[in-house]
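[1] Pasted the sequence and its predicted model underneath.
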Amino acid sequence: MKKKDLYRPNVAMIIVSSSYPQKKEIFLAQRNDLMDVWQFPQGGIDEGEELQEALFRELEEEIGTKELEVIAEFPEWISYDFPSKIAKRMHPFIGQKQRYFLLKLDINAKINIETEHPEFSDYKFVGVDDVLSLSASFKKDVYKSVITYFKEEGLL
């Protein structure tokens, strides 16, 4: 297996509240399998699935709604390695390569993290500058790169 094939293809979502752009609050969810780890919703891309198909499928699977509008897309794949504890569960993958999307929650959307296979135990909206202090250490570099890009684009 080539090294590039060892990274699981994945979509990830930075979701802003329905009061965007007046308020720039970002959705973070607390994982139910890792103590006090907050993250953006994300998930694998199925074989033959288009990026936006995966994006909206994962949104419904993880937060119970597809009522969001795509504002922007990070222009390239970005990757991170799993910590060894997680890598054992994700074999044969050593990390994830992700496409990030910035989305706005529809004013009528209802978030429901109690989905068929819940991944999160809680969620909240936080300020842009609070995201990194709450996120998992192994994702901080990716989160910082993506947030910086959207800030430089005038979107966050």
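    Cool, the structure landed.
[2] Least confident secondary structure element in this structure?
    Using mean pLDDT, DSSP states H and E, helix 84-89 stands out as the lowest-scoring helix or strand of the chain, at a mean of 84.
[3] Name the next helix or strand downstream of it, please.
    Downstream of helix 84-89, the first helix or strand assigned by DSSP states H and E is strand 95-105.
[4] Going by contacts, tell me the helices and strands next to that following strand.
    strand 7-16, helix 51-63, strand 68-73, strand 78-81, helix 140-152 (3 or more C-beta pairs under 8 Å, 6 or more residues apart in numbering; DSSP states H and E). From N, CA and C alone the C-beta is placed, and that goes for glycine too.
[5] what is the mean pLDDT for it?
    The average pLDDT for strand 95-105 rounds to 97.
[6] Would you mark the buried spots in the following helix or strand past it?
    In the C-terminal direction, the helix or strand that comes right after strand 95-105 (DSSP H and E) is strand 120-127. The neighbour-count check on strand 120-127 (16 or more other C-beta atoms under 10 Å) flags 120, 123, 125 as buried.
[7] Enumerate every residue touching residue 57.
    Residues in contact with residue 57 (C-beta atoms under 8 Å, 6 or more residues apart in numbering) are 43, 46, 49.
[8] Selection in PyMOL covering whichever of the residues you listed are buried, please.
    A single PyMOL command selects the buried members of the contacts of residue 57 (16+ other C-beta under 10 Å):
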select buried, resi 43
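[9] Adding distance to residue 69, pLDDT and secondary structure as columns, could you present the contacts of residue 57 in CSV?
    CSV is the format used below for the contacts of residue 57 (distance: C-beta to C-beta, whole Å; pLDDT from 0 to 100; DSSP: H, G, I helix; E, B strand; the rest coil):
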residue, distance to residue 69, pLDDT, secondary structure
43, 19, 95, strand
46, 23, 95, coil
49, 20, 97, coil
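[10] Considering the contacts of residue 57, which is situated nearest to residue 130?
    The nearest member of the contacts of residue 57 to residue 130, counting by C-beta to C-beta, is residue 43 at 23.4 Å.
[11] these two touch, right, that closest one and residue 9?
    No. Applying C-beta atoms under 8 Å as the test, residue 43 and residue 9 come out as separate, 10.2 Å apart.
[12] Residue 66: what's it in contact with?
    56, 59, 60.
[13] mind showing which ranges of this protein have poor pLDDT?
    1-4 (pLDDT under 70).
[14] Understood, closing this out.
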